[in-house]
Structure formats: structure tokens, C-alpha cells
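*Asks:* Structure for this input, please:
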Amino acid sequence: MSNEVAVTNQELSAELLDLTAEDTGKGVSFKQEDQLLPLIYVLQGLSPQVQKRGDSHIEGAEPGHFWLKNSLTPIWDGEKGIEVIPCEMVRTWIEWLPNRGGFVARHEAPPADTIQKTMRDDAGAERQMLVRSSNGNTIQDTREFYIIAQGQPYVLPCTGTKHTFARQWQTYFHQYHHPKTGGVMPSFSRKYRLTTTPVTNAKGEWFGLKFEDLGLVSLTEYQNAKKFYEAVKKGEKKADIPDAAHDGGSTEIPF
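*Replies:* Numbers count the residues shown, from 1 in each chain. Below you'll find the predicted structure:
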């Protein structure tokens, strides 16, 4: 299923219909470097999108649902899940201003002045965090999956407890070997269904991720996924700015 939407004839006058047909694509950049990849989040109980009286509320959003940011169809049922093809994973260290002050930068490695420091979270509990000694900014270790979800390219950031999911998924990829070469099959040779699952421990309750193997992709899906992978490796595809409410001041249990 694609997120592309066709404008209906009923929305256009006859004259406008003809003019827009003549000007197809004008003013729209099709260069890879001009497009930022939207992010996918698992909504939690404290996510602004589920707060019905809040400014950021999205109709139909509930804890445990997927939020496909900037999508024309942003909310997807977490129990039914979304169909995805994983194309690449990039580990980054995201820098945030203190006290949810906003996104600063993505780093390919932890900044040289990064130290581990004991700090208190929103609930008042102490936990270990990465902090830059030079400016007090926090550093968040993140595994970002570049995926094709519902037919469109996205980035799925994994922080906190989702690091476990990311490692499990990567471990699973290693099980498939090519029947001729014996080498590990590319991650984008198979498709998966991602769903959310409730998790509980002594610190609280939240929704995590799990995957279901749906088998091999089609030839067309493989070709498209490989192109996406190559664009990511060349640096032509960049992730959008992360959402501070979910990443900078996590709405999930932060460990």
C-alpha cells in the first residue's frame, strides 16, 4: 500500500485539469539530496499526539499506534502493524540542548568531550546519560533503520529499550545465507510486519516493537529497496530532524 494520493477530477475544473497535466512535476525537486526522510514513532501514553486536548493531537492516535510523521495517513494501528523492508541501519549520536531545548546535530561518533553522568529524568529517577562536558548538551545513542514502509521511504529511530529490538532484528538478518555463495543475504531481500507490544517492568509500562518475517520480496521491491540502500550509503538520503517530544525528552521508559 502506498501513501501517494491521486487528486480526483472532481477537485479540479476542466481548465485547471488540463493546465496541471501540462505542468506535471514543475516546481518539485526529484533530487535525492533535496528530500528529507520522515520518521516513524511508536506512540506512548505521554505522546503529544494522543493527548486529545493538546495542540499536537492527531485524530485516531492512541498509545501503541504507529505515527508516520508527515504522512498523509499518519496513524497506523500498532496491533495490525505496518509492512516494511529494512534497507540499512546507521548508528548515530544525536545531540540535544538541555531540558528539551531542541535538536542540535547528528554525529557519526560520540563527540570527543562526551562523558557519562548521573542525572534525574522527568519522573525524578536517577539514570546514566551521555553529556558533553563543553556545553552540557545531552548525547543520545541511536540506531536508525532506513526502511520502506507501506511503499514509502522512512527512518525508524531506535533509542532506549528499542536498542534491544534493533539488535534482535540485526541478529535475525544473519540467519539467511545465499544458496550459491553462502554469504549473508541483504537485509532488503525480505519483508517484515512490524507491530507494537506492551512492555512492563518495575519502572513502568510502554509499547515496544516486534517483527514478523513475511518472506522474500518481489523483484520490483528488491530493485527499489536496493536503490534506496545505495542512496543512503552515498549520503543522498538524510533523515528528518527527530521529534524532541519522543527523542529529546523521551515519552518511553528511558533505559
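
*Asks:* Skip ahead from the longest helix anywhere in the chain and say which helix or strand is next.
*Replies:* Determined from DSSP state H, the single longest helix within the chain is helix 219-233. Heading C-terminal from helix 219-233, the first helix or strand you meet, by DSSP states H and E, is strand 238-239.

*Asks:* Now do that following strand: everything it contacts.
*Replies:* Under the criterion C-beta atoms under 8 Å, 6 or more residues apart in numbering, residues 33, 36, 37, 39, 106, 144, 146, 155, 157 lie in contact with strand 238-239. (Glycine included, C-beta is placed from N, CA and C.)

*Asks:* give me that answer again for 10 Å
*Replies:* Here strand 238-239 makes contact (C-beta atoms under 10 Å, 6 or more residues apart in numbering) with 32-39, 90, 92, 94, 106, 142, 144, 146, 154-157, 231-232.

*Asks:* Report the residue spans of the chain with pLDDT below the cut-off.
*Replies:* For the chain, the stretches with pLDDT under 70 are 1-12, 25, 27-35, 100, 121-125, 247-255.

*Asks:* Show me which strand runs longest in it.
*Replies:* Criterion DSSP state E: the longest strand present in the chain is strand 82-97.

*Asks:* Please write out the alpha-carbon positions of that strand in CSV.
*Replies:* Coordinates of each C-alpha in strand 82-97 appear next as CSV, following Å, rounded to 0.1, in the frame of the first residue of the first chain:
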residue,chain,number,x,y,z
ILE,A,82,2.9,-2.0,9.1
GLU,A,83,4.7,-3.9,6.3
VAL,A,84,8.3,-2.8,5.9
ILE,A,85,11.5,-3.7,4.0
PRO,A,86,14.7,-2.9,6.1
CYS,A,87,17.3,-1.4,3.8
GLU,A,88,20.1,-0.1,6.0
MET,A,89,20.9,0.7,9.6
VAL,A,90,23.0,3.7,10.7
ARG,A,91,24.2,4.2,14.2
THR,A,92,24.3,7.9,15.2
TRP,A,93,24.8,10.0,18.3
ILE,A,94,22.1,12.7,18.4
GLU,A,95,22.9,15.9,20.3
TRP,A,96,20.1,17.8,22.2
LEU,A,97,20.1,21.0,24.1
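
*Asks:* List buried members of the contacts of strand 238-239 by neighbour count.
*Replies:* 32, 35, 37-39, 92, 94, 106, 142, 144, 146, 154-157, 231-232 (16 or more other C-beta atoms under 10 Å).

*Asks:* Inside helices: which ones of those?
*Replies:* Among the buried ones among the contacts of strand 238-239, DSSP H puts 231, 232 in helices.

*Asks:* Tell me which of the buried ones among the contacts of strand 238-239 fall in strands.
*Replies:* Using DSSP E, 37, 92, 94, 106, 142, 144, 146, 154, 155, 156, 157 are the members of the buried ones among the contacts of strand 238-239 that sit in strands.

*Asks:* So what sits opposite residue 129 in the bridge?
*Replies:* For residue 129, the beta-bridge partners under DSSP bridges are residue 117.

*Asks:* Fine by me, thanks again.
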